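Asker: What shape does this take:
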Amino acid sequence: MATSAWSRHYSLTSFKKIDLSRGGRAVDGNEEVIAYVQPTAGRPLMIAELEAWAKENLTAYKRPTEIILTSELPIGPTGKILKSVLKADLAGSSKQ
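Answerer: So this is what the prediction gives:
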């Protein structure tokens, strides 16, 4: 499972995988996967490192087409990551 694979990466505090078809883009007939990641404080993290890690640890259709580093993921009152806020961020960034 991709979720448990991402949670084992030592440099991530948290992450959220979003599956969507943004602008009609699909990868090999599957929804596009976007990964928002929050690095662990004090551990430098490069997107190229995560891309290489994903290629080694995830099947092709579960690999993100885009990795977005963020200092903080939006958390709701129940402690869950707010996927709707991340999707709205993606929709806003695609209009620019």
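Asker: Buried by neighbour count: which residues of stretch 55-62 qualify?
Answerer: 58, 62 (16 or more other CB atoms under 10 Å). In short, each C-beta sits where N, CA and C put it, glycine included.
Asker: oh sorry, the question was meant for stretch 40-47
Answerer: Neighbour-count burial for stretch 40-47 flags residue 45 (criterion: 16+ other CB under 10 Å).
Asker: and what of stretch 66-80?
Answerer: Using 16+ other CB under 10 Å as the test for burial, stretch 66-80 gives 67, 68, 73, 74.
Asker: and residue 68, what does it touch?
Answerer: Residues near residue 68 by CB atoms under 8 Å, 6 or more residues apart in numbering: 34, 35, 36, 37.
Asker: Regarding it, what is its secondary structure?
Answerer: Following DSSP: H, G, I helix; E, B strand; the rest coil, residue 68 is assigned to strand.
Asker: Now tell me which helix or strand of the protein has the poorest mean pLDDT.
Answerer: One helix or strand of the chain scores below all others by mean pLDDT, DSSP states H and E: strand 26-27, with a mean of 54.
Asker: Describe which strands the helix or strand following that one pairs with in its sheet and in which direction.
Answerer: Remark: after strand 26-27, the chain's next helix or strand is strand 30-39, criterion DSSP states H and E. Partners of strand 30-39 in the sheet, by DSSP bridges, are strand 12-20 (antiparallel), strand 26-27 (antiparallel), strand 66-69 (parallel).
Asker: rank those by pLDDT, which is bottom?
Answerer: For the strands paired with strand 30-39, the weakest mean pLDDT is recorded on strand 26-27, namely a mean of 54.
Asker: Roughly how far does residue 60 sit from residue 47?
Answerer: Separation of residue 60 from residue 47 (CB to CB, to the nearest Å) stands at 18 Å.
Asker: Which secondary structure element is home to residue 89?
Answerer: Under the criterion of DSSP H and E, residue 89 resides in helix 83-94.
Asker: And that helix, what does it pack against?
Answerer: Contact here means 3 or more CB pairs under 8 Å, 6 or more residues apart in numbering; DSSP states H and E; on that basis helix 83-94 packs against strand 12-20, strand 30-39.
Asker: Let me know how buried residue 52 is, in neighbour terms.
Answerer: Look at residue 52: counted by other CB atoms under 10 Å, it has 11 neighbours.
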